[in-house]
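> This is a predicted model, with the sequence first.
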Amino acid sequence: CSTEAPDSEKTGGGNSDGKITLGFAQVGAESGWRTANTKSIQESAKKAGITLKFSDAQQKQENQIKAIRGFIQQKVDVIAFSPVVESGWDTVLKEAKDAGIPVILTDRAVDSKDTSLYKTFLGSDFVKEGRSAGEWLTKEYADDKGPVNVVELQGTTGSAPANDRKAGFAEVVGKDDKFKVVASQTGDFTRAKGKEVMQAFLKSHKDIDVLYAHNDDMALGAIQAIEEAGKKPGKDIKIISIDGIKDAFVAMTEGKINVVVECNPLLGDQLMDLAKKVVDGEEVPPRVETEEGVFTQDQAEEALPNRQY
Ligand code: AHR
């Protein structure tokens, strides 16, 4: 699926007077976070007078590669994308480089050794998010002798947020062997898969204390599974989640999620700013990180009306 903003103004060959065409290859529409991210990019492009060619890869790397090749053929001025997985980008990134089109990574990173294949990365520190999740858990169970049985719903296999959130969490909770990650499986960042995998966890493990979900949508799906199994989410099974979408804040006010580590999807304005700079050949920092917080149940009520996504 591909939507395009009107490009009647396009002159080709970007310049600083705003006549820039940006090709953006989005991951998909798998989560509330992603929907907010797409909206932010579309609105900011309009505001900045940048023509946006937008492509939705439906969570498939081959679709993203196809979209990027299409942008190269159309000679866009700059390409940005949020790589569905970390590996396997060198060839297409080299094609963009050879065509003289700068590339900006947004939200997710790639593992290419050659960092000259892209100009900058804009997004979150996913390892830090995983650590924050782990730190909440160790504080929450500071006076408990354990064992504390944790199940983990991972994001899309091979994606930077799944790899990094797992690693950051493991680094912190791994310091105390009372924490046992008894099951860890992908829920592909979606509500439906989160529910399905949690149902399987509940069947195979009778004594789950904590769910660590790599995003809110999977946590919200898992809540349904927990309730259908006759247990109380947030009480019988404590829930740690990442993103901070409105629905998760509602679940926190209802006592069903215990803590949410924020991941900011509103990257549009910063992306347009970076796009203009790289098209103009200006120096940009290799990494631009967004600021994020951690919200617990006692803060949820007050924070909810101000949530923007
Ligand atoms: O890459 C960011 C992650 O992707 C978000 O946490 C998740 O909700 C989304 O699908």
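Sure thing, it's come through. Owing to the predicted nature of the structure, the values given are computational and were not obtained by experimental measurement.
> Test for you: state the pLDDT assigned to whichever residue of the stretch 51-200 of the chain sits closest to the ligand.
Distances between the stretch 51-200 of the chain and the ligand by CB to the nearest ligand atom are smallest at Phe189, namely 3.8 Å. C-beta: built from backbone N, CA, C; applies to glycine. Note on Phe189: pLDDT of 98.
> Repeat that for Glu291.
pLDDT, read off for Glu291, is 87.
> try the one 10 residues further on
Predicted confidence (pLDDT) at Glu301: the value is 95.
> Could you measure from it over to Asp144?
Using CB to CB, to the nearest Å, Glu301 is found at 27 Å from Asp144.
> show me what contacts the residue of the stretch 51-200 of the chain closest to the ligand?
By CB atoms under 8 Å, 6 or more residues apart in numbering, the residues touching Phe189 are 30-31, 34, 155-156, 159, 161, 214-215, 217-218.
> so which strand or helix has Gly130?
helix 126-140 (DSSP states H and E).
> do the same with Lys231
Using DSSP H and E, no helix or strand contains Lys231.
> Look up the closest residue to it, ignoring the ones flanking it.
Closest residue to Lys231 apart from its sequence neighbours, by CB to CB, 6 or more residues apart in numbering: Ile237 at 6.0 Å.
> Could you report the neighbour count for that neighbour?
Ile237 has 24 neighbours, counted by other CB atoms under 10 Å.
> Identify the bridge partners of it.
Pro233 (DSSP bridges).
> wait, isn't Asp114 in contact with Trp89?
No: between Asp114 and Trp89 no contact is recorded; they are 10.2 Å apart, counting by CB atoms under 8 Å.
> Among the two, which residue is more densely surrounded?
Trp89 (23 against 10).
> surely that one meets Ser112?
Yes: the pair Trp89 / Ser112 is scored as a contact, 5.7 Å apart, by CB under 8 Å.
> for the ligand, what are the nearby residues on this protein?
Residues of the chain found near the ligand, taking CB under 6 Å from any ligand atom as the criterion, are 30-31, 33-34, 107-108, 161, 189, 215, 242-243, 263.
> Let's see if you can find the most crowded of the residues you listed.
Most surrounded of those: other CB under 10 Å gives Asn215, at 32 neighbours.
> Now do the contacts for the closest residue to Glu254 other than its chain neighbours.
Spatial nearest neighbour of Glu254, chain neighbours left out: Gly234 (7.8 Å); criterion: CB to CB, 6+ apart. Counting by CB under 8 Å, 6+ apart, Gly234 touches 251, 254-258, 297.
> and Pro265, how many neighbours does it have?
27.
> Give the helix, strand or coil label for it.
coil (DSSP: H, G, I helix; E, B strand; the rest coil).
> which residues of the stretch 1-150 of the chain fall in helices?
32-48, 61-73, 90-98, 126-140 (DSSP state H, counting those that start in this stretch).
> Could you dump these into TSV and include mean pLDDT and distance to Gly281?
Formatted as TSV, the helices of the stretch 1-150 of the chain follow (pLDDT from 0 to 100; distance: least, CB to CB, whole Å):
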stretch	mean pLDDT	distance to Gly281
helix 32-48	98	18
helix 61-73	98	19
helix 90-98	98	15
helix 126-140	98	30
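> and Gln224, which of those helices is closest to it?
helix 32-48 (15.3 Å; CB to CB).
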